[in-house]
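Participant: My questions concern the predicted model and sequence given below.
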Amino acid sequence: MWADYLEFWRDRYPDLLTAAREHLTISAVAILLGVLVAVPLGIYLSGNRKKWVHSVIFTIANLFQTIPSLALLALLIPLLGIGVKPAIFALFLYSLLPILRNTYAGFQSVDPSILESARGMGYSRTQQLLQIQLPLAFPYIMSGIRLTTVYVISWTTLAALIGAGGLGQLIVSGIGVNRTELIVSAAACAIVLALLADRLLGALEKHLSKRARTSKSEASLI
């Protein structure tokens, strides 16, 4: 059995490498788009006092999470066709809620007395945002990005069902030709990618948390 797996790895290594690269590309683009939209939106909501705006935006973000993956992909085919575009857009929609929620929570966690003291010392709104709020909220934001990344890498396997490629394509092919080695190898690659991404982002989150604690100490002296 193990000899079969080793032989398979030698023969299909280039295919696995190509599929893993496609998988990472789709995941990374979707997460990047999610960060570019959800982080500024979370910052905006943290400073907005209109409760109905919060309710509408969080309801829409929650709604995307409730749509089954296959159903969302099917709904996007008439709009974006098949391939990478609808896959990235679907994963982008799924990435919004956790990043948005954590960004909002991070900014809400900042002690208002610190901001009041900063305003008293002449800090502008932009200075407060960049020098106080953002460093303190960064661990929350990174935690949301980290969670989202693991989920998105896992969900990207479904992109193969609409012709987007990635490791999911090898899994589907393995099911079609009844090759257990192909299914297990592709699934293992997806798991390893998710674990590596989680580990790397965890190290980055730890580093940024240390900087945030330093910023908090400095801010408390204002």
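Facilitator: Structure's in. What do you need?
Participant: so who does Ile145 touch?
Facilitator: Contact criterion C-beta atoms under 8 Å, 6 or more residues apart in numbering gives Ile31, Val35, Ile99, Asn102, Leu201 as the residues in contact with Ile145. Placement of C-beta: from N, CA and C, glycine included.
Participant: Format those as a markdown table; extra columns: secondary structure.
Facilitator: Rendered in a markdown table, the data for these read as follows (DSSP: H, G, I helix; E, B strand; the rest coil):
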| residue | secondary structure |
| --- | --- |
| Ile31 | helix |
| Val35 | helix |
| Ile99 | helix |
| Asn102 | helix |
| Leu201 | helix |
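Participant: Pull out the buried members of those.
Facilitator: The neighbour-count criterion (16 or more other C-beta atoms under 10 Å) marks Ile31, Val35, Ile99, Asn102, Leu201 among the contacts of Ile145 as buried.
Participant: how about a markdown table for these, with pLDDT added?
Facilitator: Conversion of these to a markdown table gives the following (pLDDT from 0 to 100):
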| residue | pLDDT |
| --- | --- |
| Ile31 | 94 |
| Val35 | 95 |
| Ile99 | 94 |
| Asn102 | 93 |
| Leu201 | 87 |
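Participant: Give me the contact list for stretch 148-160.
Facilitator: Under the criterion C-beta under 8 Å, 6+ apart, residues 23-24, 26-27, 30-31, 34, 69-70, 73, 84, 87, 90-91, 94-95, 98-99, 165-169, 171-172, 187, 190, 193-194, 197-198, 201 lie in contact with stretch 148-160.
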